[in-house]
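# Sequence and predicted model, in that order:
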Amino acid sequence: MAVVVGGSITVHVWLPEASRVLGSCMSRIFQDLSMRIDFKGRVAIVTGAGGGLGRQHALALAARGARVLVNDLGGARDGSGGSVSAAESVVAEIRAAGGEALANGASVTDWDAVQAMVKQAVDAWGRVDILVNNAGILRDKSFSKMELADFRLVMDVHLMGAVHCCKAVWPHMIEQKYGRILMTTSSSGLYGNFGQSNYGAAKLALVGLMQTLSIEGAKYDIRVNSLAPTAATRMTEDLMPPAVLEALKPEAVVPAMLALVAQDAPSRTILCAGAGSVEAAHITLTQGAWIGLDANAPERLVEQMDQVRNRDGEMVPQSGAAQGTQEVGRATRQLAGS
């Protein structure tokens, strides 16, 4: 007997096995469908979505049912210039594929414009469920050669831009008791990179913002995560050789984004993604050591530095209070025994 499943798979079996095999196949199909990440009914805002990684994020969210506000200033890699045409082009792609989308050309550094952007989405669709903070620029130079204006501008776009967007969507997410926010961090912020002191500082600051917003938003089911992508975008297109650019297609980062803004997403999670691989990054606290309170404490710390830095038994604190809890607890025990 030939059993056709989904019009394309033919399984040859002998009765009475036919019904069992068909049931098993259909069960797997329905299981796969039930596990599919679906954004039908959700409204997403993606900043910096006129090209590169942001464009892929917007297209992927729309392909899975989200209504997407595509934001992009349309400027150059260093933040100069601007045009809404980049956002409009992505909106046209989404609509051509049968999706719903709106274009917005606001600069995330402009608080009033960001508020108007969120209002545009709410007026059109009644809510905002997902915010992907992707807008960014580069002004790379070694720290000794960097102008303070370049440092401030990168901080303003990456950090304050995300702050503005989070602040604008926050009351809506609280009211509807649902929200998913994604920060675009970077390995340059997590681990450092020559010539990117401004960019690295901004990107690590976003992780700090994530940590606190995830705590404050938990009771409203607002989950906040961070994604460190390794991808070839317009910001990196002339910084890498062609073979590397091919391996680092921005599409390869998208699965991590979808997982981090889905209904069943974790919170306070930092994922690193690129070229088909995904890793998790953690900010940890070691067990440390007691160095005392006397005049010899500095010298004692130098002697015990290896123990202080030893990662055996390290933990990922659930909040900043964990540091004080550990230190006060150890001090209490030490002083009680002295």
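Right, received. Where do you want to start? Numbers count the residues shown, from 1 in each chain.
# Which residue ranges of the stretch 51-200 of the chain form helices?
Along the stretch 51-200 of the chain, the segments classed as helices by DSSP state H, counting those that start in this stretch run 52-63, 85-96, 111-125, 148-155, 161-176, 187-190, 197-217.
# Can you show me the CA trace of the first one as PDB?
If I follow you right, that is helix 52-63. In PDB, the C-alpha atoms belonging to helix 52-63 read as follows (Å, rounded to 0.1, in the frame of the first residue of the first chain):
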ATOM      1  CA  GLY A  52      21.700  44.000   6.700                       C
ATOM      2  CA  LEU A  53      20.800  42.200   9.900                       C
ATOM      3  CA  GLY A  54      17.800  44.500  10.800                       C
ATOM      4  CA  ARG A  55      16.300  43.800   7.400                       C
ATOM      5  CA  GLN A  56      16.600  40.100   7.900                       C
ATOM      6  CA  HIS A  57      15.000  40.400  11.400                       C
ATOM      7  CA  ALA A  58      12.100  42.400   9.900                       C
ATOM      8  CA  LEU A  59      11.500  39.900   7.100                       C
ATOM      9  CA  ALA A  60      11.700  36.900   9.300                       C
ATOM     10  CA  LEU A  61       9.200  38.300  11.900                       C
ATOM     11  CA  ALA A  62       6.800  39.300   9.100                       C
ATOM     12  CA  ALA A  63       7.200  35.800   7.400                       C
END
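# just the angle between it and helix 85-96, please?
30 degrees (axes from the mean of the first three to the mean of the last three Cα atoms, to 10 degrees).
# and if you look at the last one?
Between the axes of helix 197-217 and helix 85-96, defined by the same axes, to 10 degrees, the angle is 50 degrees.
# nearest residue to G217 other than its sequence neighbours?
V224 (6.2 Å; Cβ to Cβ, 6 or more residues apart in numbering). Where you see a C-beta, it was placed from the backbone N, CA and C, and this is true even at glycine.
# Next, the angle helix 52-63 makes with whichever strand or helix holds the one you found.
Using DSSP states H and E, V224 sits within strand 222-229. With the same axes, to 10 degrees defining the directions, strand 222-229 sits at 130 degrees from helix 52-63.
# can you list contacts of strand 222-229?
Contact with strand 222-229 is made by 53, 170, 173-174, 178-187, 189-190, 203, 206-207, 210, 213-214, 217, 250, 253, 256-257, 260-261, 265-274, 281, as judged by Cβ atoms under 8 Å, 6 or more residues apart in numbering.
# now swap in stretch 282-299 and tell me
Here stretch 282-299 has contacts from 207, 211, 270, 300-301, 304, 307-317, 322-323, 326-327, 330-331, 334, using Cβ under 8 Å, 6+ apart.
# among those, which are in helices?
Under the assignment DSSP state H, the contacts of stretch 282-299 contribute 207, 211, 300-301, 307-309, 322-323, 326-327, 330-331, 334 to helices.
# Just the buried ones out of these, please.
Buried by 16 or more other Cβ atoms under 10 Å: 207, 211, 326, out of the ones in helices among the contacts of stretch 282-299.
# min pLDDT across those, which one?
Minimum pLDDT for those is recorded at Q326 (95).
# what's the closest non-adjacent residue to M257?
M257 sits nearest to H57 (Cβ to Cβ, 6+ apart), 5.4 Å away.
# Surely that neighbour touches P255?
No - under the criterion of Cβ atoms under 8 Å, H57 makes no contact with P255, lying 11.0 Å away.
# Between these two, tell me which one has more neighbours.
The neighbour count for H57 versus P255, taken as other Cβ atoms under 10 Å, is higher for H57 (31 against 15).
# for stretch 141-157, which positions count as buried?
In stretch 141-157, counting by 16+ other Cβ under 10 Å, buried: 146, 150-151, 153-157.
# which among the buried ones among the ones in helices among the contacts of stretch 282-299 gets closest to V108?
The nearest member of these to V108, counting by Cβ to Cβ, is V207 at 17.9 Å.
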